[in-house]
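Asker: Predicted coordinates and the sequence they were generated for:
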Amino acid sequence: MTDRYQTFTRTPLGQTLVKNLGLPDPTPLQRWVQGSPVIDGPVIFGAIAETDAGKAIQALLRDIGASFSTATEGVASIGIRPKALVFDATGATSTAELTSLQRFFSPVIRQLAPAGRVIVVGRTPELAASTEEHVAQRALEGFTRSLGKEVKRGATVNLVYVAPDAHEQLDSTLRFFLSPKSAYVDGQVARIGTGPLVSNDPSRPLAGRTALVTGAARGIGAAIADTLARDGATIIGVDVPQNADPLRKVISRLGGTELLLDVTAVDAPQRIAAHAQEQHGGLDIVVHNAGITRDKRLANMRTDTWDAVLDVNLRAPERITKYLVESGALKDGGSIIGVSSMAGIAGNNGQTNYATSKAGVIGLIQALAPKLADRQIRINAVAPGFIETEMTAKIPFTIREVGRRINSLQQGGLPIDVAETIAWFADPASAGVTGNVVRVCGQSMLGA
Amino acid sequence: MTETRKVAVVAGNRIPFARQDKTYRHASNSDMLTAALNGLVDRTGLGGQEVGEVVAGAVLKHARDWNMVREVVLGSKLAPTTPAYDIQQACGTGLEAAILVGNKIALGQIDAGIAGGVDTASDAPVAVNDHLRNVLLDLNRAKTYPDRLKVLARVRPKDVVPEIPRNAEPRTGKSMGDHAALTALEWGITREAQDELAYRSHMNLAKSYDRGFQNDLITPYLGLEKDQNLRPDTTLEKLAKLRTAYGKGETATMTAGNSTPLTDGASTVLLSTDEWAAEHSLRPLAYLTHSQTAAVDYVKGAEGLLMAPAYAVPRMLARAGLTLQDFDYYEIHEAFASQVLATLKAWEDPIFCKERLGLDAPPGEIDRDKLNVNGSSLAAGHPFAATGGRIVAALAKQLDENGGGRGLISICAAGGQGVVAILEK
């Protein structure tokens, strides 16, 4: 699916019109390609105080070979265009220290390179030591969400809350938010807790792991399978028999095994578990991607239309998760990833069934995250916004155009953007990442 | 209630099955059923006599044939005082007819009865479309000439397009083959296994003709003496070369060779008590002892369209106190080779049996050498309602020839249904 408007804005005539008429100017986003560095430009690091988190951030920046400086003064005058601005705000123990946000960012924000990254690291407010600290930390969210709407040219702004003593868990999350892998993740908040330290090869973080992807035959599911396989995982692709042919193509490209079944079938959980145990000795990663839409206003909604959507999108992930966890087919230290939706957060006209199912997915994540912690099983969800797929290509032109533009990046995302976010959740090094619902929506105005 | 009586299968007769639009292209359902019935009457010496009831049906039936079986009886060699009625349970019609006759015999309501079935895929009922039908009905209701003209003015050019019966499930719009192709994929049924089953069906049917087994089961009709679909000279290589007919791309496995073709034909079976048989100098071939039907919800995709027999058989076995291995013969109707293989695989699958059938242990494997020993629908063809009668008669004769034993019959039907039964001697 090509965005013709975006292509037009890249032409000389298009640029002239866009500038003079104040039309949306969507910058083509940079996507990560295998072998490229985490970040391909200078990074400026700032902090309120010297903290463990700050040290961990600087260690990571050294690790990934980023050229970084800690001073903002004079940056504009010597003509440096930073690719990323990383600010450690974990030292903000009261609102007085919030001033440093303005002091750090104002002089340099205009210099941020195209497709630049702004990351603010804070302390999880609920775990703050004092009321004053809680208030100051919670305030950060308003700052990042607003700055996300101000920065241009494909830049993103995200907030990472880290729990006390969890600074060693920052690596995989910072790598994700710094790199082009997070191209369409904007204005989001990620929460990092404590967990076991896992050191793996960041170029193949999923090596030796087995990942189940439902709905893997096409669209976002195929992109997820591709991405997890790229990161070293062995794929079990699940889809309905109707999609046998495209699924076969995906699996023959990636290796792994295929499993043809309807996730709503009464014995689907047992079948998945048996397949995983027999063919792969168990599972490390489960991605509940299979989903359907059957849009109707509630007044016109038929029972079977309602049921079909809830069965596939919510009840199937619920039942399959329960069985895989209880049967032990999902190994300790595993990762479960749900696919929610912007509609599940903001609601959508004609989608009571779909939004109910997708909000339920968020409930599943929040309910299970603490319960699965003792087995170090993590559970998170992505909530895609407008993603360019066969499904969104069928939306009528005007609605599609509006859907694409009403976000900070003024364009639709790609399946790979959802897949990269899932790969971050799947990474064993993200051991501290659980209970998160991260939107992949370019900071959509809906439900923000 | 008094004790039930034993139900004997005494004789069977059918006409050879013809491929669609070939030898029987101008034969109607009534013509074919009459031919099969008269053959049975001739063979059993029942000419001019009355039997308790004749029960039969057709899946594709003309509206004018609303009382088809009684009309057939009136045009047959049976006494005109023989009652009759029509039934329809898709491909299960023939076996269901035998069960219904058997039940009345068991209850003492009749002493003997004839079950049958017939179908034509050639002489299919073509109807006017719904719009024209409504116009014509309104025309009939109109009382005055101006009113009639007004109604007639509603006729549109598109009304010349007739409604032709489709070989598709009304609720999914998919053909039975497309449904079976999904089940084949779900159960991982390979092309090779399907071709192998089709090959054995042709070989077994050919052998049964060669050894004269079919001689007293078939009456030639319109010059046809053997099933027209039978290819005694087919090979696995030839079957492997056929293009796929259902499913898409490299995952498609179902061909015209391992799916049953559309066919025309009719079959009948005579059932009675031991006493009635003896009085008419006839001999029981086997006894119809158990039967069961089941249906699955295939509409929402929760189960395959043709998987109902996988549910029906274990329920019947539980009632009969038998295991799947307690049989000398298995007659599993070959709607598609993949349907037979998926059913067998399901009975071996512990997850399917536990989660879908609620069984602690799967019924298990069967001895494939006991399966469809005289060929089945892939070779003989499958005129929908006529298949049940073909199987009941052939299995009864096989049990008799064997000097006793037990046989299982399993037939899948449109609408996600299954009809199964046990014959014993």
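Answerer: Yes, it's here. Numbering: from 1, shown residues only, chains lettered A, B, ... in the order given.
Asker: For stretch B:322-329, measure first residue to last.
Answerer: Taking C-alpha to C-alpha, to the nearest Å, stretch B:322-329 runs 14 Å from one end to the other.
Asker: Tell me the buried residues in the lowest-mean-pLDDT helix or strand in chain A?
Answerer: The helix or strand of chain A with the lowest confidence, counting by mean pLDDT, DSSP states H and E, is helix A:12-21 at a mean of 75. Applying a neighbour-count criterion of 16 or more other C-beta atoms under 10 Å in any protein chain shown, one finds A:14, A:18 buried in helix A:12-21. From N, CA and C alone the C-beta is placed, and that goes for glycine too.
Asker: Can you identify the element that follows that helix toward the C-terminus?
Answerer: strand A:43-47 (DSSP states H and E).
Asker: Restrict that next one to CA atoms and write it as CSV.
Answerer: The C-alpha coordinates for strand A:43-47 follow below in CSV (Å, rounded to 0.1, in the frame of the first residue of the first chain):
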residue,chain,number,x,y,z
VAL,A,43,23.7,11.6,21.1
ILE,A,44,23.5,14.3,23.8
PHE,A,45,22.9,13.0,27.3
GLY,A,46,21.6,15.2,30.1
ALA,A,47,20.6,14.5,33.7
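Asker: who does it pair up with?
Answerer: strand A:68-69 (parallel), strand A:84-88 (parallel) (DSSP bridges).
Asker: and these, which is most packed in?
Answerer: Counting by mean count of other C-beta atoms under 10 Å in any protein chain shown, strand A:84-88 has the highest mean neighbour count of these, with a mean of 26.
Asker: average model confidence for that strand?
Answerer: Mean per-residue pLDDT for strand A:84-88: 95.
Asker: And the helices in chain B, which stretches?
Answerer: Applying DSSP state H to chain B gives helices spanning B:29-44, B:68-74, B:93-106, B:130-141, B:145-152, B:176-186, B:191-210, B:236-241, B:274-279, B:308-320, B:337-348, B:350-351, B:377-380, B:387-401.
Asker: from those helices, which stretch is densest packed?
Answerer: With a mean of 30, the top stretch among the helices of chain B by mean neighbour count (mean count of other C-beta under 10 Å) is helix B:377-380.
Asker: residues touching residue 266, list them.
Answerer: Just so you know, I chose chain A. Listed by C-beta atoms under 8 Å, 6 or more residues apart in numbering or on different chains, the contact set of A:Val266 reads B:302, B:355-356.
Asker: was after chain B, sorry
Answerer: Counted by C-beta under 8 Å, 6+ apart, B:Ala266 has contacts B:14-15, B:29, B:32-33, B:35-37, B:116-119, B:383, B:386, B:389.
Asker: bridging residues for A:His288?
Answerer: The partner residues for A:His288, given DSSP bridges, come to A:Gly338.
Asker: Might you report the residue contacts of B:Pro162?
Answerer: Per C-beta under 8 Å, 6+ apart, neighbours of B:Pro162: B:126-129.
Asker: hang on, I meant A:Pro241
Answerer: With contact set as C-beta under 8 Å, 6+ apart, A:Pro241 has these partners: A:260-262, B:181-183, B:185-186.
Asker: Would you reformat those residues as a markdown table and include distance to A:Asn289 and pLDDT?
Answerer: Converted to a markdown table, those look like this (distance: C-beta to C-beta, whole Å; pLDDT from 0 to 100):
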| residue | distance to A:Asn289 | pLDDT |
| --- | --- | --- |
| A:Leu260 | 16 | 95 |
| A:Leu261 | 14 | 94 |
| A:Asp262 | 14 | 94 |
| B:Ala181 | 24 | 93 |
| B:Leu182 | 21 | 91 |
| B:Thr183 | 24 | 93 |
| B:Leu185 | 20 | 93 |
| B:Glu186 | 19 | 92 |
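Asker: give the contact list for residue 156.
Answerer: Since no chain was named, I'll use chain A. A:116-118, A:148, A:177, A:182-183, A:185-187, A:408-409, A:443.
Asker: could you do chain B instead?
Answerer: Here B:Arg156 is in contact with B:His131 (criterion: C-beta under 8 Å, 6+ apart).
Asker: And B:Ile87, by the same measure?
Answerer: B:55-57, B:93, B:96-97, B:100.
Asker: Can you tell me which residues in the stretch 201-350 of chain B are near chain A?
Answerer: Contact residues, the stretch 201-350 of chain B versus chain A (C-beta under 8 Å from any C-beta of the partner chain): B:247-252, B:300-303.
Asker: could you measure whatever residue of the stretch 1-150 of chain B ends up closest to chain A against B:Asp227, distance?
Answerer: With C-beta to the nearest C-beta, the shortest gap between the stretch 1-150 of chain B and chain A falls at B:Cys91, namely 22.0 Å. The gap separating B:Cys91 from B:Asp227 is 17 Å, by C-beta to C-beta, to the nearest Å.
Asker: Name the residue in these two with the higher neighbour count.
Answerer: B:Cys91 (31 against 26; other C-beta atoms under 10 Å in any protein chain shown).
Asker: what sits against the nearest residue to that one once chain neighbours are set aside?
Answerer: In space, and not counting its chain neighbours, B:Cys91 is closest to B:Ala413: 4.2 Å by C-beta to C-beta, 6 or more residues apart in numbering or on different chains. Residues in contact with B:Ala413, defined by C-beta under 8 Å, 6+ apart, are B:89-93, B:308, B:419.
Asker: What does the pLDDT read for B:Ala413?
Answerer: For B:Ala413, the predicted pLDDT is 95.
Asker: related to what we said a few turns ago, identify those among the contacts of A:Thr156 that sit within strands.
Answerer: Among those, the subset assigned to strands under DSSP state E consists of A:117-118.
Asker: what would the contacts of A:Thr156 look like in JSON lines with distance to B:Ser267?
Answerer: Below are the contacts of A:Thr156 laid out as JSON lines (distance: C-beta to C-beta, whole Å):
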{"residue": "A:Gly116", "distance to B:Ser267": "79"}
{"residue": "A:Arg117", "distance to B:Ser267": "76"}
{"residue": "A:Val118", "distance to B:Ser267": "79"}
{"residue": "A:Gly148", "distance to B:Ser267": "75"}
{"residue": "A:Phe177", "distance to B:Ser267": "73"}
{"residue": "A:Ser182", "distance to B:Ser267": "69"}
{"residue": "A:Ala183", "distance to B:Ser267": "68"}
{"residue": "A:Val185", "distance to B:Ser267": "67"}
{"residue": "A:Asp186", "distance to B:Ser267": "71"}
{"residue": "A:Gly187", "distance to B:Ser267": "72"}
{"residue": "A:Ser408", "distance to B:Ser267": "72"}
{"residue": "A:Leu409", "distance to B:Ser267": "70"}
{"residue": "A:Gln443", "distance to B:Ser267": "70"}
